[in-house]
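Novice: coordinates only, sequence not included:
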């Protein structure tokens, strides 16, 4: 059992939880994820790591209520326990293995969308701690859905984009990226993009003509998260890889996004029914 | 005189009924049936069954105890060589091991050794409370075991009996490895058998920690260098699924047998009342492969309400699955398409499986493995309409442990290199089971775990 030591609402339907998981905190690196099971009978849900504190022995996760399982996780309060919290899983971001001198010469552009902002944070923070300043585009539908702005501003150079123009650049993250590179003439050596699949697809299409290496972090469906099931298969450069053990970060220009988006919908009907049944039950029992 | 009695038939659930539920197929012998079957054993001077058992269980001896009505004696005799009789009695391929060598089998039917072992194992589990706990003197040494499957459980219990403090680390949220995620409830009941066998190991003082992925959460290097373990046993199994590499394999509705069985067994998707994990079978499922895992997958699909078909590229005689499983599958109405090999999977416009294209095969000369190798019959292409395709083509070890442990050698197939006793290239690290051999059987893994326990004891004592 893993205790939720702190819970905070970041935006509508988006919650941050600090979970006591000493072993995971000690081993975690940027780019990795955990598998969370809310209780007996719960699904194994892959969630990206938003932060980790070795001394406090805690790992931070950010969850948006999308399906039944994420709703159940978000319904827990400070002091409650998660049944399982396994990780860190997946390969750490490539840059953690780079020689420092080489790394410090790099100019990174991070592009974060929605809850995808959370896993970008430990990467930018790690780079800052290792002497690398990064630019970070954070995008959301509207200003009230932006998360981690204050945290990110402390470790990186933040640019905001909202679809409705309620904060920062009026438009999509792809538009803001274009403005930085094509209008302002900014030069980057690598782009790291984490957000909804569709956003990552269009961002990689945007950076392609710039020959800008673009790393994406995929949130494929998983069961075990350790390489056992193969549910998270993804085509990268014509090869089938497992997101959980070969990723979750891949060369975005080689990923077959259409297939990845389609594979994400494998259980959509069942998921919808599960949510409907759950809400119906909640209404019946007046919860 | 003994061999004049015909083999005592074992009671089973009606095939048409059991094809719609997840209750155990075979009820096993009761005391009376077991006693009668036990009298068939000739108690051979040179028992061929013992030699054919991978862990050399003293078969005629334990059967003699059943005849004498001494079930405790029978259990103690089996426990000298096997720590998991309830499990092995259910899942061992007896027809190619003990029963396959039984003298009675030459002219008639062999003694039902597996069913007798199961009877004794179940009896022992039910009567375990009667056994007074032996006080084990701790010897002050600590050993870590990676994986709580058959190899890890066997190694841990033997070491605990020798006084070691043993900590078992399991990557998943549930203990048992393949016994929990792989083999279905209808063949190996989880609460009644697996959980109780594990409870026996816990009684010995072995500690279990779930949600620890060795190679990620902890490394073997850190276990030896920082956490103070004197030795580590790796019994992490062979969990990585293989795919065919054919067109259409990433369509929605194509999955590995591992994924399908993990959803149903480990996550409990067979019982949607209690589980949030979805599983999809559609109207018709095609399972590709002919091993035990293929049989488990196809019979599970049938129980979930789908029409279920096995597609296998060799002939029926070459099916690697246990004969009993093939027989049970057929009784339950599984269709077998032998000498059939998939060439590609067909999808709908929006990317869902709608069929599988196959060719007919014919058997040629025996290949290196001794099996006759199948060759395509030209122009024999045909399509089977289906909604789901499950690939049951075997598994290989997860490379995570080898790639995160300094000085641990692996072979070309990704298996950890270890000798007969489980000694690896890295001092203090021992390995056994599927992680060393590639996917094999429960009994071989159990045997390897026990041998490694012996080697670990010798290694620590000699330090």
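Specialist: It's in. Note that this is a predicted model, so its numbers are computed, not measured.

Novice: need the residues of chain B near chain A, please.
Specialist: For chain B, the residues in contact with chain A (C-beta under 8 Å from any C-beta of the partner chain) are B:171-173, B:181, B:210-213, B:216-218, B:239-241, B:243, B:245, B:249-250, B:252-253, B:255-256, B:258-259, B:262-263, B:266-268, B:274-278, B:280, B:350-351, B:398, B:400. Quick note: C-beta positions are derived from backbone N, CA and C, even for glycine.

Novice: Helices of the stretch 151-287 of chain A, start to end?
Specialist: A:173-178, A:197-207, A:243-246, A:257-264, A:268-284 (DSSP state H, counting those that start in this stretch).

Novice: what does the longest one contact?
Specialist: Contacts of helix A:268-284 from elsewhere in the structure, counted by C-beta atoms under 8 Å, 6 or more residues apart in numbering or on different chains, are A:67, A:68, A:71, B:276, B:278, B:280.

Novice: at 6 Å what do you get?
Specialist: A:67, A:68, B:278 (C-beta atoms under 6 Å, 6 or more residues apart in numbering or on different chains).

Novice: Quick one, which of the helices of the stretch 151-287 of chain A gets closest to residue B:113.
Specialist: The minimum distance between residue B:113 and these falls on helix A:243-246, with 40.5 Å, by C-beta to C-beta.

Novice: and the closest one, is it in reach of chain B?
Specialist: No: Helix A:243-246 stays clear of chain B (C-beta under 6 Å from any C-beta of the partner chain), getting no nearer than 6.9 Å.

Novice: so what's residue B:385 up against?
Specialist: Shown in contact with residue B:385 (C-beta under 6 Å, 6+ apart): residue B:355.

Novice: can you count the residues close to residue A:171?
Specialist: Residues near residue A:171, counting by other C-beta atoms under 10 Å in any protein chain shown, number 16.

Novice: thought residue B:104 was touching residue B:98?
Specialist: No: at 11.6 Å, residue B:104 does not count as touching residue B:98 under the criterion of C-beta atoms under 6 Å.

Novice: more crowded one of these two?
Specialist: Legend: neighbour count by other C-beta under 10 Å for residue B:104 and residue B:98, higher for residue B:98 (26 against 18).

Novice: Wait, that one touches residue B:48, no?
Specialist: No: here residue B:98 lies out of contact with residue B:48, judged by C-beta under 6 Å, at a distance of 8.6 Å.

Novice: Can you name the residue of the stretch 301-450 of chain B nearest chain A?
Specialist: Chain A sits closest to residue B:351 of the stretch 301-450 of chain B, with a gap of 4.4 Å, by C-beta to the nearest C-beta.

Novice: Contacts only, for residue B:57.
Specialist: B:78, B:81, B:82.

Novice: Could I get the contacting residues of the last one?
Specialist: Okay, so that is residue B:82. B:55, B:57.

Novice: related to what we said a few turns ago, which of the helices of the stretch 151-287 of chain A has the highest mean neighbour count?
Specialist: Of those, the one with the most neighbours on average (mean count of other C-beta atoms under 10 Å in any protein chain shown) is helix A:243-246, at a mean of 23.

Novice: Now the closest residue to chain A within the stretch 1-150 of chain B: phi and psi?
Specialist: Per C-beta to the nearest C-beta, residue B:147 is where the stretch 1-150 of chain B lies closest to chain A, at 11.5 Å. For residue B:147, the backbone dihedrals are phi 100, psi 130 (criterion: degrees, to the nearest 10).

Novice: count of neighbours near it?
Specialist: 33.

Novice: Look at residue A:49 and give its secondary structure.
Specialist: strand (DSSP: H, G, I helix; E, B strand; the rest coil).

Novice: ok, how many other residues are close to it?
Specialist: 26.

Novice: By mean pLDDT, point me to the weakest helix or strand of the chain.
Specialist: Reading this off chain A. Across the helices and strands of chain A, mean confidence by mean pLDDT, DSSP states H and E is lowest for helix A:268-284: a mean of 74.

Novice: nope, chain B
Specialist: Lowest-scoring helix/strand for chain B, mean pLDDT, DSSP H and E: strand B:372-376, at a mean of 85.

Novice: partners of whichever helix or strand comes after it, with directions?
Specialist: Counting by DSSP states H and E, the next helix or strand C-terminal to strand B:372-376 is strand B:382-385. Strand B:382-385 has its sheet partners listed here by DSSP bridges as strand B:353-366 (antiparallel).

Novice: Tell me the buried residues in the strand it pairs with?
Specialist: By 16 or more other C-beta atoms under 10 Å in any protein chain shown, the buried positions in strand B:353-366 come out as B:353, B:354, B:355, B:356, B:357, B:358, B:359, B:360, B:361, B:363.

Novice: With stretch A:76-90 instead?
Specialist: By neighbour count with 16+ other C-beta under 10 Å, stretch A:76-90 contains the buried residues A:76, A:80, A:82, A:83, A:84, A:85, A:86, A:87, A:88, A:89, A:90.

Novice: follow-up on the earlier one: nearest to residue A:43 among the contacts of residue B:57?
Specialist: Nearest to residue A:43 among the contacts of residue B:57: residue B:82, at 35.9 Å, using C-beta to C-beta.

Novice: interface residues of chain A facing chain B?
Specialist: A:23, A:27, A:37, A:41-43, A:68-69, A:84, A:86, A:88, A:223, A:226-231, A:233, A:259, A:262, A:266-267, A:270.

Novice: rewinding a little: buried only: go through the residues of chain B next to chain A for me.
Specialist: Neighbour-count burial within those applies to B:171-173, B:181, B:210-213, B:216-218, B:239-241, B:243, B:249-250, B:252-253, B:255-256, B:258-259, B:262-263, B:266-268, B:275-278, B:280, B:351, B:398, B:400; the criterion is 16+ other C-beta under 10 Å.

Novice: Now, those that are in strands?
Specialist: The strands, defined by DSSP state E, take in B:240, B:241, B:255, B:256 from those.

Novice: a markdown table for these, including distance to residue A:203 and pLDDT?
Specialist: Formatted as a markdown table, these follow (distance: C-beta to C-beta, whole Å; pLDDT from 0 to 100):
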| residue | distance to residue A:203 | pLDDT |
| --- | --- | --- |
| B:240 | 31 | 91 |
| B:241 | 32 | 95 |
| B:255 | 30 | 97 |
| B:256 | 31 | 97 |
